[in-house]
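A.B. asks: Got a predicted model here, sequence first, then my questions.
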Amino acid sequence: METLTFILKILGSLGVFLYGMKVMSEGIQQTAGERMRKIMATMTHNRVTGVLTGVTTTGLIQSSSATTVMVVSFVNAGLLTLVESIGVIMGANLGTTLTAWIIATVGKFSLSKIALPIIGLGLPFFFVGKNKLKSFGQVLIGFGLLFYGLHLLKESVPDLKVMIADDATDAMKAQAKEIQDFIARFSGKGYLSALFFLAVGVLLTLIVQSSSAAMAITVTITIQGWISFQDSAAIVLGENIGTTVTAWLASIGASSNAKRAARAHFLFNILGVVWMLIIFFQFTAFAEWLGSQLPDSFRTEKHDTPVGFNLAIFHTLFNLANICLLIGFVPLIAKLVTRWVKDDPVQNGGSPRLQFISQNLVRLGELKISEAENATRELASISREMFQGYLTVLKNPHKDLTEEVKRLKTQEDDADVLTHDITEYLIRTSAAEITTENARAVTRMIRIASELEEISDTIYRLVQITRRKYRKDRSFDEQASKNITAFSEKIVALMNLYCEVLETDGATEENVKKAEKLERETDRMRKRFNKEAMQRMSENAESVKTEMITIEMHNQFELIANYALNVVQTAFYLLHEDEVPDKYESSI
């Protein structure tokens, strides 16, 4: 019964710790998510800034797994190249060492005394504040819960020195001897012990699915005297391998480049562990020597040596040295993983799909919208390419363009699939904790995807109408051809406009006015050209069927213009909520 209670206390402490980390991470994402996305996309063009970005991001959200999954997501969305992603992943490994320093500090100071006041400080912001203030309150609450969870974990794991002290009960001494005898079976056997505890670290990280939680357990049991510093250092190496599994699992079903980023993470950490094992005992001795140089104030509570800080020093030095050794080989690592993971069917001409990365692994709702944005740009590009294909069919009535029509049908099907993926993706993303601003952005993006799908459907209807006309050998007269050419120019201008708007992450008021002007012109053209077609029908009864097809084409052109205007308006109002007209808002 005592054993069961002990296990439940450990699990409960970990639960508070992990929940605090989750709350804090989500609060930081909501507070600075947009800024973090921009930094990730713009500050990674060379390896050094990429490493610094990884360090900063992981230090903020306190999860290397979350950072790495974010990197995999950004590579999947095309916002990061494979080479850029490797630098960020290297930095994420260094950033996660902050966890060890925090836990070592908790071992020295009783931060649990301020944990509840921090939670109390965050509550008013959380319940009364709005947007950023509410998110700030969430960060404080998460921060307090994190430290309270660490305090509970430390209290749940008994101090071995206390258990074997002279004033300890016989039962406690017997229990302590059992623990010491069990660990002694695996400890002190050189490299065999190092490999055993390394495997323990891998297994521990796989079980708790969090390198930070695994680190919390490792530092705590080391501070409490259960295992030696060398054994705990080997466990830390194992945790560096175990944490790569999260990104690996997250990349399942993603693009080949996203898989390569996950494999690069694995390869980088494995290479680091391999060279570290070669000099393991010398390196741990060096870390202990550095720890012994710390001031007496850094001595961990109840210990003659700063054992908690020794482990933090080892973890930091290992990751820093690994970065220094391998940062020059980033292009080589990229080549290796490129050979390891072959190009996927999409890159070889298959259908574009949007995968929801890490839906069951790491919550990144605030930071994952970029993938849907990229897929929406792809959808816009498909519609523009389809219209160019339609113009090819239109201008070549006497050529056999069966293959071109099949290609356009495939693109129309791709657009339908991609729209479904985007919509489902955004709905699932919004199920996570995201800001009100981004919740509105999700709504707008769903509408943009819907409008773009309507455009692709309408273009294919135009293809079918035109093919039907040519099969029946009904050619356009000179004036009708000029009218269709004029219509096409307006549509191309609108498509270029909305593609430009989506590429630059938002429309300006000038863009909206330009789109509205083009749409009004197409509406006037439709009315005028339809009147001309009806006039030609009244003058020549034999042209009725031909002119009816022409009118139908005019109407389809006008529909495309309407959908294109909606895309530009939606992109503008996505960033300018206060300027949304009532009639527009009610239609969403």
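C.D. replies: Everything's here; your move. Residues are numbered from 1 along each chain as shown.
A.B. asks: Quick check on residue 379: phi, psi?
C.D. replies: phi -60, psi -40 (degrees, to the nearest 10).
A.B. asks: check contacts around it.
C.D. replies: Residue 379 is in contact with 415, 418, 419, 422, 449, 452, 453, 456, counting by C-beta atoms under 8 Å, 6 or more residues apart in numbering. For glycine as for every other residue, the C-beta is placed from the backbone atoms N, C-alpha and C.
A.B. asks: The residue positioned nearest the centre of the chain in helix, strand or coil?
C.D. replies: Centroid-nearest residue in the chain, with C-alpha atoms, centre = their mean: residue 70, separated by 3.3 Å. Following DSSP: H, G, I helix; E, B strand; the rest coil, the label given to residue 70 is helix.
A.B. asks: Please verify my assumption that it contacts residue 54.
C.D. replies: No: judged on C-beta atoms under 8 Å, residue 70 makes no contact with residue 54 at a distance of 9.9 Å.
A.B. asks: Could you look up the SS state of the closest residue to residue 571 other than its chain neighbours?
C.D. replies: In space, and not counting its chain neighbours, residue 571 is closest to residue 507: 4.3 Å by C-beta to C-beta, 6 or more residues apart in numbering. Secondary structure state of residue 507, per three-state DSSP, is coil.
A.B. asks: confidence score at residue 507?
C.D. replies: pLDDT for residue 507: 71.
A.B. asks: What's the separation between it and residue 372?
C.D. replies: 17 Å (C-beta to C-beta, to the nearest Å).
A.B. asks: measure the residue nearest to the centre of the chain to residue 247 for me?
C.D. replies: Distance check for residue 70 against residue 247: by C-beta to C-beta, it reads 10 Å.
A.B. asks: what does residue 290 give?
C.D. replies: Residue 290 is 31 Å from residue 247, by C-beta to C-beta.
A.B. asks: re the thing from before, now for the contacts of residue 379, which pair is the farthest apart?
C.D. replies: Greatest spacing in the contacts of residue 379, by C-beta to C-beta: 422 and 456 (13.0 Å).
A.B. asks: Would you mind giving the domain segments of this protein?
C.D. replies: Per automatic domain parsing, the structural domains of the chain span 2-346, 368-585.
A.B. asks: For residue 319, give me its contacts.
C.D. replies: Shown in contact with residue 319 (C-beta under 8 Å, 6+ apart): 93, 94, 96, 97, 240, 272.
A.B. asks: so which helix or strand takes in it?
C.D. replies: Assigned by DSSP states H and E, residue 319 belongs to helix 307-326.
A.B. asks: which helices and strands sit right next to whichever helix or strand residue 550 is part of?
C.D. replies: Assigned by DSSP H and E, residue 550 belongs to helix 544-575. Secondary-structure packing of helix 544-575 (3 or more C-beta pairs under 8 Å, 6 or more residues apart in numbering; DSSP states H and E): helix 436-471, helix 478-503, helix 509-539.
A.B. asks: backbone phi and psi for the nearest residue to residue 64 once chain neighbours are set aside, please?
C.D. replies: In this structure, residue 64 finds its nearest non-sequential neighbour in residue 96, 3.7 Å apart by C-beta to C-beta, 6+ apart. For residue 96, the backbone dihedrals (degrees, to the nearest 10) come out as phi -70, psi -10.
A.B. asks: swap in residue 220?
C.D. replies: phi -60, psi -50.
A.B. asks: Kindly provide the distance from it to residue 30.
C.D. replies: Residue 220 is 30 Å from residue 30, by C-beta to C-beta.
A.B. asks: go on, residue 378?
C.D. replies: Distance from residue 378 to residue 30, counting by C-beta to C-beta: 27 Å.
A.B. asks: higher neighbour count, those two?
C.D. replies: residue 30 (24 against 19; other C-beta atoms under 10 Å).
A.B. asks: Would you mind measuring from that one to residue 14?
C.D. replies: Distance of residue 30 to residue 14, given as C-beta to C-beta: 24 Å.
A.B. asks: sorry, back to before: distance from the helix holding residue 319 to the middle of the chain?
C.D. replies: 27 Å (C-alpha atoms, centre = their mean, to the nearest Å).
A.B. asks: Stretch 501-514 too?
C.D. replies: Put simply, stretch 501-514 sits 25 Å off its chain's centre (C-alpha atoms, centre = their mean).
A.B. asks: burial of residue 192, as a residue count?
C.D. replies: Other residues near residue 192 number 10, with proximity taken as other C-beta under 10 Å.
A.B. asks: How confident was the prediction at it?
C.D. replies: Value listed for residue 192 in the pLDDT field: 92.
A.B. asks: Check residue 57 too.
C.D. replies: 80.
A.B. asks: Grab the nearest non-local neighbour of it.
C.D. replies: residue 67 (5.0 Å).
A.B. asks: Which one's more surrounded, residue 290 and residue 247?
C.D. replies: residue 247 (31 against 15).
A.B. asks: In terms of helices and strands, where is that one?
C.D. replies: Using DSSP H and E, the element containing residue 247 is helix 244-250.
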